[in-house]
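*Asks:* Fold the following for me, if possible:
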Amino acid sequence: MTYLCLFLDDDVMDTIVIETNRYAEQTLGRHLNDRSRYSVLGASDSGRYLAFSSIFVLQGIIQKPQQCWYWNNIRILETPILER
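*Replies:* The predicted structure follows:
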């Protein structure tokens with residue numbers, strides 16, 4: 001995350017978070033019901049965005065043939081750094 005912070009200053013991250021929340025409110029806000037899995041997410045903030053972006057960077061460095069393998073708990077396939 002430290003390297004990502006070098007490229008994304010606070011102003012850029014704040015703008016991304018504001019626009020992400022606005023988009024979510026416009027598109028998901030009117031279609032959600034109480035049982036929707038999206039209703040428990042809540043608004044994004046810069047910490048959540050930074051963690052999300054860091055996962056994408058790590059997935060570019062640690063490449064696996066299937067997306068689900070990044071979250072696998074089988075010892076030979078697991079990616080321990082993503083659990084943090």
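
*Asks:* counting contacts, what elements does the strand or helix carrying L50 pack onto?
*Replies:* Element membership for L50 (DSSP states H and E) is helix 46-61. The contact analysis (3 or more CB pairs under 8 Å, 6 or more residues apart in numbering; DSSP states H and E) places helix 46-61 against helix 2-7, helix 10-27. For every residue, glycine as well, the C-beta is placed using N, CA and C.

*Asks:* what angle do the last one and helix 46-61 make?
*Replies:* Which is helix 10-27. Angular relation of helix 10-27 and helix 46-61 on a 0 to 180 degree scale: 100 degrees, by axes from the mean of the first three to the mean of the last three CA atoms, to 10 degrees.

*Asks:* which outside residues touch helix 10-27?
*Replies:* With CB atoms under 8 Å, 6 or more residues apart in numbering as the test, helix 10-27 has contacts from 8, 43-46, 49-50.

*Asks:* V12 - how many residues pack around it?
*Replies:* V12 sits with 11 neighbouring residues when counted by other CB atoms under 10 Å.

*Asks:* Return the distance of it relative to S46.
*Replies:* According to CB to CB, to the nearest Å, V12 and S46 sit 10 Å apart.

*Asks:* Out of the contacts of helix 10-27, which end up buried?
*Replies:* Neighbour-count burial (16 or more other CB atoms under 10 Å) applied to the contacts of helix 10-27 gives 8, 44, 49-50.

*Asks:* Closest one to L58 out of these, please.
*Replies:* L50 (12.5 Å; CB to CB).
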